[in-house]
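J.: From the sequence below, what's the structure:
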Amino acid sequence: MLRISELKLGLDHAPEELPAAIAARLGVPATDLLRWSVWKRAHDARKKAAILKVYIVDAEVKDETEVLQRLAGDPHVRPTPDTSYKPVAAAPSAMPLRPVVIGAGPCGLFAGLILAEMGFRPIILDRGKVVRERTKDTWGLWRKSELNPESNVQFGEGGAGTFSDGKLYSQIKDPRFLGRKVLTEFVAAGAPPEILTEAHPHIGTFRLVTMVESLRAKIEALGGEYRFQHRVTDVELDRAPDGAKRVRGLHLHTGEFLEADHVVLAIGHSSRDTFQALYDRGVHIEAKPFSIGFRIEHPQSWIDRALFGPCAGHPDLGAAAYSLSHHCANGRTVYSFCMCPGGTVVAATSEPNRVVTNGMSQYSRNERNANSGFVVGIGLEDYPSDHPLAGIELQRELESAAFVAGGGDYCAPGQLVGDFLAGRASTALGSVVPSYRPGVRPTDLAAIVPDYVSEAMREALPVFGRRIPRYDDPEAVLTGVETRTSAPIRITRGADFQSLNVRGLFPAGEGAGYAGGILSAGVDGIKVAEAVARVIVGSTTAGAPSPGWSSK
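T.: Reported below is the predicted structural model:
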């Protein structure tokens with residue numbers, strides 16, 4: 001098969017035009033094109049009056065060797081790579097302790113799946129509930145202002161990505177096509193098949209719920225075991241004969257001790273108590289930069305018209321999405337984050353008396369507003385101290401201030417863009433109806449964040465308004481605060497994916513600082529599971545299990 005990229009056709013091209021374009025691109029008669037399929041599909045909207053569809057296709061022709069030789073200098077015609085997933089190991093028949101995965105978000109899900117597929121029968125712990133019970137608890141905050149600290153947007157089966165736009169694309173380097181493994185498993189679990197071909201696929205919350213349940217059933221059928229509402233409170237360590245620290249087990253909030261010597265830390269970016277417990281045990285943790293800001297909302301129709309012009313509303317385009325960035329005079333970078341077309345702003349706190357915003361969309365992306373994180377990058381020099389967990393302290397400070405500014409009942413503080421730019425508090429909202437629930441109370445958001453944040457935002461808003469007309473419209477709404485853009489720490493690991501100073505501990509995903517979204521977290525989960533498998537297989541091959549190991 002041959003892979004042809006950058007194949008462009010008109011937005012409303014006829015179906016027969018694509019195979020004709022493939023044959024023409026390869027310089028062969030149409031009769032030589034034996035079969036073809038779309039690998040990826042995107043659109044090029046740089047010319048709004050002439051939007052194009054852009055394809056990557058795989059094609060089989062009669063004489064592939066001749067075509068490759070003739071087009072040897074063409075970077076857009078190459079042999080189709082093998083994208084199938086191949087396990088790196090198989091569990092030994094006499095295996096020591098079962099590996100444990102902490103966290104059932106995208107990273108933990110795929111770590112558990114890969115380990116289960118290789119026969120390692122992982123135990124998956126999650127502090128939250130199964131996804132449907134967790135959904136009810138999450139709605140309890142949104143509708144009744146009732147927070148369950150162990151079952152919410154951040155904690156529970158599916159992780160934080162369950163209540164998001166469900167974006168399934170990433171800019172990570174992926175030479176082994178592990179992202180394809182993630183997408184293929186999602187389709188098998190009930191995701192729409194087009195996520196395999198769309199350049200910027202998404203799923204949405206409702207579909208993610210059923211998919212997570214399906215993947216759980218698959219892992220259990222392969223010998224994996226889930227234990228929900230099992231919060232890890234401490235990690236037991238001891239010393240190997242050579243003096244190195246190693247993990248020996250996990251203390252749970254139930255009082256149980258779970259013996260374990262291979263533990264995947266897929267704990268997500270909001271497991272602050274777990275971060276503290278790991279730090280207290282001496283696990284190597286470093287402070288890491290992240291970003292803070294607000295959510296910004298516009299009517300989706302404004303964004304559609306701005307980006308698609310006369311083609312706005314075309315069924316093949318759907319709701320328009322954007323990505324913006326601006327480097328400010330004060331040295332800060334302001335950028336859009338986790339843009340949710342046709343979605344809603346959601347309450348995403350996991351701790352009492354704090355307010356956190358996030359964005360969510362359903363698969364249809366047909367809600368009234370577009371929303372996006374509107375955030376400013378901050379560095380370690382902005383933290384209140386040089387402590388490795390100082391970023392968490394800053395997050396909590398901002399979230400507590402937002403809780404107070406919103407009225408102390410989990411309503412969020414909000415402000416009109418016009419008032420924010422003018423430096424005055426909002427006393428009422430305008431034509432753009434904010435979507436955050438339990439509700440939004442007008443105030444002065446600049447009073448919540450550091451001055452350098454509001455200064456950078458005021459510079460960036462008019463710049464973004466020149467790129468997307470009406471982005472800085474006075475009636476657009478800002479809602480605060482957005483603090484969970486990523487973990488403010490990194491649980492640093494070595495080339496073998498183990499903690500720098502604790503053997504058997506495998507930091508993974510967003511909470512360890514190695515992913516940023518559903519797809520990249522899933523890919524990292526695969527890599528870490530493979531690393532665990534290699535270590536286990538290597539230890540069992542080298543000799544009998546060490547004293548104290550069991551087979552439970």
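J.: In this structure Y85 contacts D174, no?
T.: No. Counting by Cβ atoms under 8 Å, Y85 sits too far from D174 to count as a contact (11.9 Å). For the C-beta atoms, the positions are set from N, CA and C on the backbone; glycine is no exception.
J.: who touches L34 in this structure?
T.: Residues in contact with L34, defined by Cβ atoms under 8 Å, 6 or more residues apart in numbering, are E60, V61, K62.
J.: pLDDT at it, what is it?
T.: As summarised for this prediction, L34 has a pLDDT of 97.
J.: Checking my notes, L519 in a helix, right?
T.: Yes. Counting by DSSP: H, G, I helix; E, B strand; the rest coil, L519 is located in a helix.
J.: That one: neighbour count?
T.: Residue crowding around L519 was assessed by other Cβ atoms under 10 Å; the count is 24.
J.: That one and P106, how far apart?
T.: Computed with Cβ to Cβ, to the nearest Å, the distance linking L519 and P106 is 8 Å.
J.: Now do the shared contacts for the two.
T.: Counting by Cβ under 8 Å, 6+ apart, the common neighbours of L519 and P106 are V182.
J.: host element of E297?
T.: strand 290-299 (DSSP states H and E).
J.: so what secondary structure elements neighbour that strand?
T.: If you count contacts as 3 or more Cβ pairs under 8 Å, 6 or more residues apart in numbering; DSSP states H and E, strand 290-299 packs onto strand 333-347, strand 357-360, strand 369-378, helix 390-405, helix 451-467, strand 477-482.
J.: what's the longest one packed up against?
T.: Spelled out, that is helix 451-467. Using 3+ Cβ pairs under 8 Å, 6+ apart, helix 451-467 is in contact with strand 290-299, strand 325-327, strand 333-347, strand 369-378, helix 417-422.
J.: got the contact list for F206?
T.: For F206, the set of contacting residues under the criterion of Cβ under 8 Å, 6+ apart consists of Q362, Y363.
J.: part of a helix, is it?
T.: Yes. With three-state DSSP as the criterion, F206 is located in a helix.
J.: in the stretch 151-300 of the chain, which spans are helices?
T.: Listed from the start of the chain, the stretch 151-300 of the chain has helices (DSSP state H, counting those that start in this stretch) covering 178-188, 205-221, 272-280, 300-308.
J.: Would you reformat these as a markdown table and include mean pLDDT?
T.: Written out in a markdown table, the entries for the helices of the stretch 151-300 of the chain read as follows (pLDDT from 0 to 100):
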| stretch | mean pLDDT |
| --- | --- |
| helix 178-188 | 97 |
| helix 205-221 | 92 |
| helix 272-280 | 97 |
| helix 300-308 | 97 |
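J.: need the ones you listed in CSV with distance to S435, can you?
T.: Formatted as CSV, the entries for the helices of the stretch 151-300 of the chain read as follows, by distance: least, Cβ to Cβ, whole Å:
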stretch, distance to S435
helix 178-188, 26
helix 205-221, 14
helix 272-280, 27
helix 300-308, 11
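J.: Which of these sits closest to A42?
T.: Proximity to A42, assessed across the helices of the stretch 151-300 of the chain by Cβ to Cβ, is greatest for helix 300-308 (13.9 Å).
J.: Can you give the contact residues for the closest one?
T.: By Cβ under 8 Å, 6+ apart, helix 300-308 touches 45, 48, 51, 312-314, 317, 319-322, 341-342, 365, 367-370, 468-471, 473.
J.: try 7 Å this time
T.: If you take Cβ atoms under 7 Å, 6 or more residues apart in numbering as the criterion, helix 300-308 is touched by 45, 48, 51, 312-314, 317, 319-320, 322, 341-342, 368-370, 468-470.
J.: Only the buried subset of those, as a ChimeraX command please.
T.: Buried subset of those, written as a ChimeraX selection, criterion 16 or more other Cβ atoms under 10 Å:
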select :45,51,312,317,319,320,322,341,342,369,370,468,470
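J.: How about stretch 125-142, which residues are buried there?
T.: Within stretch 125-142, the residues that count as buried by 16+ other Cβ under 10 Å are 125-131, 133-135, 137-138, 141-142.
J.: Sitting in strands, which of the residues you listed do you find?
T.: In strands, defined here by DSSP state E, the members of these are L125, D126.
J.: Let me know the closest of the buried residues of stretch 125-142 to H253.
T.: Looking at these and their distance to H253, the nearest is R127, at 7.9 Å (Cβ to Cβ).
J.: Let me see the contact set for the nearest residue to that closest one once chain neighbours are set aside.
T.: When the adjacent residues along the chain are set aside, R127 lies closest to R231, with 3.8 Å between them (Cβ to Cβ, 6 or more residues apart in numbering). Listed by Cβ under 7 Å, 6+ apart, the contact partners of R231 are R127, E150, L252, H253.
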